[in-house]
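Asker: the amino acid sequence is not available; the structure is as follows:
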């Protein structure tokens, strides 16, 4: 009776492992261009993949199973924080992978015998690795000193974006020339999408480039992605209008020629016939704005 039950559990473990592994391989294939350039995404992808390896060992004791639950809960919490803080959709897909692992341990691991030494060693090593990755994820989300060149937060781009930026800036020698080339290219190739009113707003570089439409959030992050891919510091700024708290806006602050500059590319895209906002020199990247109350600079 015990042998049949053990065999059934082993088959279930193999099935769940195969499903989780296949899912992560498909996810990795889909994200391959982003993973090349984004250390943040690499860490969160590993946090999706490594828990799958817990399905390769036979965990029998309550203590080891509790350790697995704690690790999974910590990873899910970090993914939720990342999704909310950086407005990224990817963590939701990672949580699906974690759910597969969680379901197996809830449904099929219920024995109370002691685990073998090899099992304990493997789980311990995986646990330490996962904890180190969680600490790295915390650093990437909260503690990076300079987000103006970062790929992997709300502003996420891939190798194709770099190639496009290289093409746009092909005849440019200085950072100022590159910034203005990107600025002019966007003004003349994009239009504001007045029908787009998302419940949850996040930047999708593929969609923005393909449709050549968007709202201020899309334009600001695309401009930042193109600049950062050329090693030009550029921040995205979120703010609420001082005389109308319901009016939310996103624009940029970019660094070239030894100074920081305010640039509202959305305003210039929508006011082509009435004059541009253009570039306005500011003292530093965190200077207060006269028209907007700044909520976040990232």
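Answerer: That came through, no problem. Source: prediction; values computed, not measured.

Asker: so who does residue 245 touch?
Answerer: By CB atoms under 8 Å, 6 or more residues apart in numbering, residue 245 lies in contact with nothing. C-beta: built from backbone N, CA, C; applies to glycine.

Asker: now name the helix or strand holding it.
Answerer: Assigned by DSSP states H and E, residue 245 falls within strand 244-256.

Asker: in whatever helix or strand comes next after that strand, what counts as buried?
Answerer: Where DSSP H and E defines the elements, the next helix or strand beyond strand 244-256 is strand 259-263. For strand 259-263, the neighbour count (16 or more other CB atoms under 10 Å) marks 260, 261, 262, 263 as buried.

Asker: sheet-wise, list the partners of strand 259-263 with their directions.
Answerer: strand 244-256 (antiparallel), strand 279-282 (antiparallel) (DSSP bridges).

Asker: what mean pLDDT does whichever helix or strand comes after that strand get?
Answerer: Next along the chain after strand 259-263, taking DSSP H and E as the criterion, comes helix 265-270. Regarding helix 265-270, the rounded mean pLDDT is 92.

Asker: show me what helix 265-270 is packed up against.
Answerer: helix 175-189, strand 191-192, helix 216-228, strand 244-256 (3 or more CB pairs under 8 Å, 6 or more residues apart in numbering; DSSP states H and E).

Asker: can you redo the ones you listed as JSON lines with distance to residue 10 and mean pLDDT?
Answerer: Below are those laid out as JSON lines (distance: least, CB to CB, whole Å; pLDDT from 0 to 100):
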{"stretch": "helix 175-189", "distance to residue 10": "56", "mean pLDDT": "95"}
{"stretch": "strand 191-192", "distance to residue 10": "57", "mean pLDDT": "94"}
{"stretch": "helix 216-228", "distance to residue 10": "47", "mean pLDDT": "96"}
{"stretch": "strand 244-256", "distance to residue 10": "52", "mean pLDDT": "93"}
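
Asker: what's the closest of these to residue 16?
Answerer: Of all those, helix 216-228 sits nearest to residue 16, with 37.0 Å by CB to CB.

Asker: returning to what we had before: reformat the strands paired with strand 259-263 as a markdown table; add distance to residue 271.
Answerer: Converted to a markdown table, those look like this (distance: least, CB to CB, whole Å):
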| stretch | distance to residue 271 |
| --- | --- |
| strand 244-256 | 13 |
| strand 279-282 | 15 |
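
Asker: residue 295 is in contact with residue 236, correct?
Answerer: No. Under the criterion of CB atoms under 8 Å, residue 236 makes no contact with residue 295, lying 11.3 Å away.

Asker: more neighbours: which of these two?
Answerer: residue 236 (24 against 12; other CB atoms under 10 Å).

Asker: ok, residues contacting the helix or strand where the more buried one lies?
Answerer: Counting by DSSP H and E, the element that carries residue 236 is strand 234-241. For strand 234-241, the surrounding residues in contact (CB under 8 Å, 6+ apart) are 147-149, 154-155, 220-221, 223-224, 227-228, 246-255, 285, 289, 291-298.

Asker: now the residues you listed: which count as buried?
Answerer: Applying 16+ other CB under 10 Å to those flags 147-149, 154-155, 220-221, 223-224, 227-228, 249-255, 285, 289, 292, 298 as buried.
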